[in-house]
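A.B. asks: With the input below, show me the fold.
(one chain, ligands or ions: 1)
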Amino acid sequence: NGPGRDDKNGHGHGHGQHGQHGHLSKKREILLPLRKALPIWPHAEEIKAGLRGSKDVMLLTGETGSGKSTQVPQFLLDEPWCKGCIAITQPRRVAAISLARRVAEEMGSLLGSLSPASKVGYSVRFDNSTSPNTRIKFLTEGMLLQEMLRDPWLNQYSAVIVDEVHERSVNVDLLLGFLRNLVTGDKKGRNGKPLKVVIMSATADIESLFKFFDEGFQKSLNTCQKAKGDHTQTNGANDSDSSWSGIASSEDENSKKALTKKSKPNGVGKSNGERSLKRKENPSISPEPIDLTSDFMYTCYIEGRQYPVKIMYLPEPTQDFVEAALKSIFQIHYKEPLPGDILVFLTGQDTVEALERLVNEYALGMDTNVPKLLALPLFAALPQSAQQRIFHPSPPKTRKIILSTNIAETSVTVPGVRYVIDSGKVKIKQFRNRLGLDSLLVKPVSQSAAIQRKGRAGREAPGVCYRLYTEKDFVGLEKRTVPEILRCDLSGSLLTMKARGVDDIFSFPFLDRPPREALEKALLQLLQLGALTETGGISEVGLQLAKLPLTPTLGRVIVEAAKPERDCLLEIIDIIACLSVENIFLNLITEEKKEAAEEARRELYRREGDHMTLLTTVQAYAKENSDRKSWAERHFISHRAMQNVMDIRKQLRQQCTHLKLLHPSKIPLKESPAAPSEAQTNAILHSLLRGFAANTARLMPDGSYRTMLGNQTVAIHPASVMFGRKVEAIVFSEFVFTNKSYARGVSGVQLGWVGDVLGSMG
Ligand code: ADP
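C.D. replies: Numbers count the residues shown, from 1 in each chain. Coordinates of the predicted model:
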């Protein structure tokens, strides 16, 4: 007894040729039994009923792959309250795009921009594929926050589904705060239209989410009652606009109250009783059954379907997980029969591509009677077509090996996997207090992440997980990953809040409140970038930065480059496009290749540093009309990354035109072959400095570099063209920490310039 939507989904889609229409509806029919077999299917009625009436918030948990992301929006589409669009947010663009594609197929439709009749679309940074008829829109969390700038009440939506909440990205935390204010506020700006919010998570710890929303509802009840009994109240707490800033003015006191008080289970729904029971049956979820009943919320649990997974540890720790992974891949391949694909968790594009090359190299030496290997990379910056390949079944007599970052942990479910190889490492962003900067760090995963990774092997049959660390290491891992908001630079988040009218950021409802110092530091940084006025409101520049899909720092570089006296926006866009992909220069392993690459790339290197080198590279690549791919190969440059760069460049040009930072007549019809003059180079470096003023260091008498603001030692990364060079001052766009602090993306600048820019920031 499924939701019985089979006959409703397809109408109006696939306009155009009959053949295509037939193909689409056939595809829909083929997919229907698969949908019906998903663990979530029997819950369709429960999920629909759970959001009717006064219940505006649903908390839904279910294992990865149970069908939450693909099915829930389709379940809700025909509900009587659902007249507008359904937004469903994802932490990553890969997931947003691939889910949209999948749901379009399931509904027998083409994707957004391909068909004006399409009901499914997506919107991610640098890529929007929606149609006027889009009803289900997959978007990244950042994009929804962007939309809230234009439409703070989310009027185009009837429901917002926040997916993958367990990942706890900074953006999801911000969204939760805004959504809590929206659903528990007076909704004046929505003109009576309901807004339903579904919070979905792959892990079962939803108590904190329940408390968080419950607190909001209690607070709004208190405010209403107080307003009724006390007409003299004027502090703005019941002022409609202040559903964002005003209510929060008594946050601390109220949150204490809400924590000590239980919400009253008026008219307890079926789910709540059931849920408590489940709690008792399954003590692993929570030792103490706690009351999660509310008049305004519904909690729903989808039981997982998981086969047993055997865990294998290394007897000794390894220094080189890429090599250890390579060994494990071939061991599995020789020992284990087909079918059974392998999913390898690595840290980033660099390690994924390095292992991809190694696997392909070693596979050449395999006997002809051994099944083939097909290595498929998966990381956030991968072009769409390549991403989609991981969902295709393996060709005959071939084993797929998916080399992935933590994307495949919960965001993307790869079919066919029976073996997981877990490096035990993840690349995360972390704020380094002493430096005052975010840096990318390779860190051990948490136990909960390791458990998620293991689970990927048991989706379709019993599996094996090879952990490239020891059992003792596992025991020593952190229990869970610290939410990003507690470990990252908050300037982008604060800018988002300021741009949406949150005056008092210290009382914004955070699921986990960042420490006061971190908020203060971010405020200071925004002030230094000129994004805030002296009274703490958002400035003109700040508004521009908030509209750009970049960090405030990179945004500031753009705004600076657009000034008439700098006039180097096109060049800066090229550089920023490179900084937005992980690495365009291939990471080479053997000495022989390294030397060859040095030789081939010499014509691209610029003595001013990495940024001008990136610019020269983009210009040379763009000029290459005939065969860009072989040009890239000859220069040991990732063609994939360069395709991405060109794409981002195009989007950034469009956005800057849209924001009136770039006049369309400036965009050359043909690629300009001229190398930048000295004056242009200086303008480019000055623009970079304006954004990255905090990332500057000066040369010390002993030959080391020390940061201007924190007086910390940084070394120039060996991959930089500035490596080994001594100049009086440097500006850098990235900071990495491995065994020591490294500046990456380095340019040499004059010390006087640094002094000027720091002086102007006050
Ligand atoms: P959840 O959100 O609970 O993790 P999903 O709705 O994402 O579950 O996935 C349900 C099923 O749909 C999975 O088994 C997955 O293999 C399949 N699926 C999801 N996206 C795609 C896609 N782009 N191509 C093929 N199959 C997909």
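A.B. asks: Show me the shaky parts of the stretch 651-762 of the chain.
C.D. replies: The stretch 651-762 of the chain contains residues with pLDDT under 70 at 672-673, 762.
A.B. asks: for the chain, same thing?
C.D. replies: Short version for the chain, where the test is pLDDT under 70: 1-19, 204, 226-290, 430-440, 589, 672-673, 762.
A.B. asks: residues from it in reach of the ligand?
C.D. replies: 38, 62, 64-71, 98-99, 101-102, 391, 413, 415 (Cβ under 6 Å from any ligand atom). C-beta coordinates here come from the backbone N, C-alpha and C atoms, glycine included.
A.B. asks: So what's the residue count around Gly752?
C.D. replies: Residues lying near Gly752 (other Cβ atoms under 10 Å) number 10.
A.B. asks: Could I get the contacting residues of the closest residue to the ligand within the stretch 451-600 of the chain?
C.D. replies: Relative to the ligand, the nearest point of the stretch 451-600 of the chain is Arg459 (7.1 Å; Cβ to the nearest ligand atom). Counting by Cβ atoms under 8 Å, 6 or more residues apart in numbering, Arg459 makes contact with 65, 305-307, 413, 415, 417.
A.B. asks: just the buried members of those residues?
C.D. replies: Applying a neighbour-count criterion of 16 or more other Cβ atoms under 10 Å, the buried members of these are 65, 306, 413, 417.
A.B. asks: and the residues you listed, which of them are in strands?
C.D. replies: Counted as lying in strands by DSSP state E, out of these, are Val417.
A.B. asks: Ala325: which of the buried ones among the contacts of Arg459 is nearest?
C.D. replies: Nearest to Ala325 among the buried ones among the contacts of Arg459, counting by Cβ to Cβ, is Val417 at 14.8 Å.
A.B. asks: what about Gln544, neighbour count?
C.D. replies: 19.
A.B. asks: again, but for Lys188
C.D. replies: Using other Cβ under 10 Å, Lys188 has 11 neighbouring residues.
A.B. asks: Serialize the buried ones among the contacts of Arg459 to CSV and add fields for distance to Ala202.
C.D. replies: Formatted as CSV, these follow (distance: Cβ to Cβ, whole Å):
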residue, distance to Ala202
Gly65, 9
Gln306, 12
Thr413, 10
Val417, 16
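A.B. asks: quick revisit: can you select the buried ones among the residues of the chain next to the ligand for me in ChimeraX?
C.D. replies: Buried residues among the residues of the chain next to the ligand (16+ other Cβ under 10 Å), as a ChimeraX selection:
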select :38,62,64,65,66,67,68,69,70,71,98,99,101,102,413
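A.B. asks: give the contact list for the closest residue to the ligand within the stretch 201-350 of the chain.
C.D. replies: Residue nearest to the ligand within the stretch 201-350 of the chain (Cβ to the nearest ligand atom): Ala202, separated by 6.5 Å. Counting by Cβ under 8 Å, 6+ apart, Ala202 touches 61-64, 164, 166, 410, 452.
A.B. asks: if we go to 6 Å?
C.D. replies: Taking Cβ atoms under 6 Å, 6 or more residues apart in numbering as the criterion, Ala202 is in contact with 64, 166, 410.
A.B. asks: Against Leu511, how distant is the second one?
C.D. replies: Separation of His166 from Leu511 (Cβ to Cβ, to the nearest Å) stands at 12 Å.
A.B. asks: out of these two, which sits in the busier spot?
C.D. replies: His166 (25 against 19).
A.B. asks: any chance you could map the strands in the stretch 601-750 of the chain?
C.D. replies: For the stretch 601-750 of the chain, strands defined by DSSP state E, counting those that start in this stretch occupy the ranges 696-699, 705-707, 713-716, 729-737, 741-749.
A.B. asks: which one of these has the most crowded surroundings?
C.D. replies: Highest mean neighbour count of those: strand 741-749, a mean of 24 (counted as mean count of other Cβ atoms under 10 Å).
A.B. asks: List of residues touching that strand?
C.D. replies: In contact with strand 741-749 (Cβ under 6 Å, 6+ apart) are residues 608-611, 685, 714-717, 720, 722, 727, 729-734, 736.
A.B. asks: okay, that strand in CSV with CA atoms only?
C.D. replies: The C-alpha trace of strand 741-749 is given here as CSV (Å, rounded to 0.1, in the frame of the first residue of the first chain):
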residue,chain,number,x,y,z
SER,A,741,52.4,26.0,8.8
TYR,A,742,52.5,26.6,5.0
ALA,A,743,51.4,29.4,2.9
ARG,A,744,50.0,28.3,-0.5
GLY,A,745,49.1,30.5,-3.4
VAL,A,746,51.8,33.1,-2.6
SER,A,747,52.7,36.3,-4.3
GLY,A,748,55.6,38.6,-3.5
VAL,A,749,54.6,42.2,-2.7
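A.B. asks: can you pull the buried residues of whichever helix or strand comes after that strand?
C.D. replies: As assigned by DSSP states H and E, the chain's next helix or strand after strand 741-749 is helix 751-761. Buried residues in helix 751-761, counted by 16+ other Cβ under 10 Å: 753-754, 757-758.
A.B. asks: Helix 751-761 to strand 729-737, inter-axis angle?
C.D. replies: 70 degrees (axes from the mean of the first three to the mean of the last three Cα atoms, to 10 degrees).
A.B. asks: can you offset everything so residue one is 56?
C.D. replies: Sounds good: first residue 56 from here, last item helix 806-816.
A.B. asks: which outside residues touch helix 806-816?
C.D. replies: For helix 806-816, the external contacting residues (Cβ under 6 Å, 6+ apart) are 583, 744-745, 748, 751, 753, 783-784.
A.B. asks: One more pass at 8 Å, please.
C.D. replies: Under the criterion Cβ under 8 Å, 6+ apart, residues 583, 585, 740-741, 744-745, 748, 751, 753, 763-764, 783-784, 786 lie in contact with helix 806-816.
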